[in-house]
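Visitor: Could you look at this predicted model? Sequence included:
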Amino acid sequence: MGIRIITDSTSDINQEQASKLNLTIVPLKVLFGDKEYREGIDISMEGFYERLVQSEKLPTTSQPSPNDFLEYFAEAKEAKDSVIVILISSKLSGTVQSAMIAKEMVEYSDIYIIDSLTTITGMRILIEHAVKIRDEGKSAKEIVDTVEELKDKIVFLAMVDTLEFLYKGGRLSKSSAILGSLLNFKPVITLQDGVIGVVGKARGVNNGLAKMLSSVAEMGDIDTNYPVKFGFTAENEKCKLLIDRVKNQYQIKEYGMYPVGCVVGTHAGPGACVITYVKKV
């Protein structure tokens with residue numbers, strides 16, 4: 001009896017990385033008109049952002065169906081393996097609900113579904129830690145308890161070029177979007193309890209990055225015992241500047257920079273940069 005770990009494609013862990021981690025990825029979907037693409041399978045990140053910029057109408061995104069989880073759950077039941085499922089915040093997507101329905105359908109109790117309350121690089125921190133302690137021999141319950149405790153310490157901060165995409169995608173109110181739409185203002189957003197909120201705004205990229213760093217201090221300093229994860233949409237120049245500033249201010253031991261995929265990119269838009277980390281308590 002083994003332990004299987006499943007996540008969704010908004011973690012931005014590609015198939016090659018998933019294979020190395022012994023991890024299963026269930027894709028979300030992005031739709032341009034009536035054409036549907038499975039994230040990480042049917043469309044490249046480069047191709048997606050080219051289409052996003054050129055498209056007059058914002059693409060839509062779609063959660064996996066219960067059937068997308070069912071085959072993996074049935075295989076685990078047959079093998080009598082435990083299953084740990086770490087998914088995008090239930091406040092951002094119905095992916096958790098689909099997995100819950102699939103668990104009921106397969107009638108197998110040894111499936112643990114974790115609402116990460118985060119996405120992209122925040123999920124990556126949780127998933128990589130779960131894989132690490134699984135491979136150290138921890139039990140499924142020990143892994144679940146550890147991840148549930150760790151997810152409450154994840155800090156997610158992003159600077160976006162515009163709030164237009166979040167508003168159009170229904171992830172942010174019109175009043176919040178207007179706040180960030182003033183000339184050359186760079187909104188800084190966060191996820192609190194799985195919900196998007198605007199931390200503040202700053203004029204220009206340099207001031208926006210400074211606002212991100214001051215927000216790190218306000219939301220909880222970085223626990224350097226865990227890796228820091230940075231993300232970017234379409235282009236990584238701002239992300240590299242952010243990494244340099246964080247490295248100058250904090251003695252981070254381990255970090256990585258990752259492209260953000262289609263589903264989250266639809267709502268963030270091009271030109272965003274992200275930092276996620278575990279905060280000290």
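Guide: Arrived safely, thanks for sending. Residues are numbered from 1 along each chain as shown.

Visitor: what number of residues lie near the residue lying closest to residue 45 once chain neighbours are set aside?
Guide: Nearest non-adjacent residue to residue 45, counting by CB to CB, 6 or more residues apart in numbering: residue 259, 5.2 Å away. Heads up, the C-betas are built off the backbone N, CA and C, glycines and all. By other CB atoms under 10 Å, 18 other residues sit near residue 259.

Visitor: Residue 259: what's it in contact with?
Guide: Contacts here follow CB atoms under 8 Å, 6 or more residues apart in numbering; on that basis residue 259 touches 12, 45, 231-233, 236.

Visitor: will you turn these into TSV that also has neighbour count, distance to residue 186 and pLDDT?
Guide: Shown next, in TSV, are the contacts of residue 259 (neighbours: other CB atoms under 10 Å; distance: CB to CB, whole Å; pLDDT from 0 to 100):
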residue	neighbour count	distance to residue 186	pLDDT
12	25	22	95
45	18	22	85
231	29	16	97
232	24	14	97
233	31	14	95
236	17	16	95
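
Visitor: now, which of these lie within strands?
Guide: Among the contacts of residue 259, the residues falling in strands (DSSP state E) are 231-232.

Visitor: Pick the one among the contacts of residue 259 closest to residue 145.
Guide: Comparing those against residue 145 with CB to CB places residue 12 closest, at 25.5 Å.

Visitor: List the buried residues for stretch 65-85?
Guide: Neighbour-count burial for stretch 65-85 flags 66, 68-70, 72-73, 76-77, 81-85 (criterion: 16 or more other CB atoms under 10 Å).

Visitor: Please work out the average pLDDT along that stretch.
Guide: For stretch 65-85, mean pLDDT rounds to 98.

Visitor: Let me know the next secondary structure element after the one helix or strand residue 248 maps to.
Guide: Element membership for residue 248 (DSSP states H and E) is helix 237-249. Remark: after helix 237-249, the chain's next helix or strand is strand 255-259, criterion DSSP H and E.

Visitor: Identify each buried residue in that next one, please.
Guide: For strand 255-259, a neighbour-count test (16+ other CB under 10 Å) marks 255, 257-259 as buried.

Visitor: Off-centre distance for it?
Guide: The chain centre lies 12 Å from the centre of strand 255-259; the measure is CA atoms, centre = their mean, to the nearest Å.

Visitor: Paired strands for it, with orientation please.
Guide: strand 228-232 (parallel) (DSSP bridges).

Visitor: Double-check residue 252 against residue 222; I have them as touching.
Guide: Yes. Contact criterion CB atoms under 8 Å: residue 252 and residue 222 qualify, at 6.4 Å.

Visitor: So between the two, which is more surrounded?
Guide: Shown here are residue 252 and residue 222; by other CB under 10 Å, residue 222 has more neighbours (21 against 16).

Visitor: Return the residues in contact with that one.
Guide: Contacts of residue 222 by CB under 8 Å, 6+ apart are 216, 228, 246, 250, 252, 277-280.

Visitor: Now that we have the residues you listed, which of them are buried?
Guide: 216, 228, 246, 250, 252, 277-278.

Visitor: Could you dump those residues into a markdown table with distance to residue 23 added?
Guide: Formatted as a markdown table, the buried ones among the contacts of residue 222 follow (distance: CB to CB, whole Å):
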| residue | distance to residue 23 |
| --- | --- |
| 216 | 29 |
| 228 | 21 |
| 246 | 27 |
| 250 | 28 |
| 252 | 24 |
| 277 | 21 |
| 278 | 20 |
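
Visitor: Residues in contact with the helix or strand encompassing residue 277: which ones?
Guide: Using DSSP H and E, residue 277 maps to strand 273-278. Residues from elsewhere that reach strand 273-278, judged by CB under 8 Å, 6+ apart: 118, 120-122, 124-125, 150, 153-159, 212, 216, 222-223, 225-226, 228-233, 236, 238-239, 242, 246, 260.

Visitor: Apply the buried test to those and list what passes.
Guide: Buried among the contacts of strand 273-278 by 16+ other CB under 10 Å: 118, 120-122, 124-125, 150, 154-159, 212, 216, 222, 226, 228-233, 236, 238-239, 242, 246, 260.

Visitor: can you give me the strands in the stretch 51-200 of the chain?
Guide: Using DSSP state E, counting those that start in this stretch, the strands found in the stretch 51-200 of the chain span residues 60-62, 82-87, 111-115, 154-159, 185-192, 195-203.

Visitor: now the angle from the fourth one to strand 195-203?
Guide: Pointing back at strand 154-159 there. 40 degrees (axes from the mean of the first three to the mean of the last three CA atoms, to 10 degrees).

Visitor: All set, thanks.
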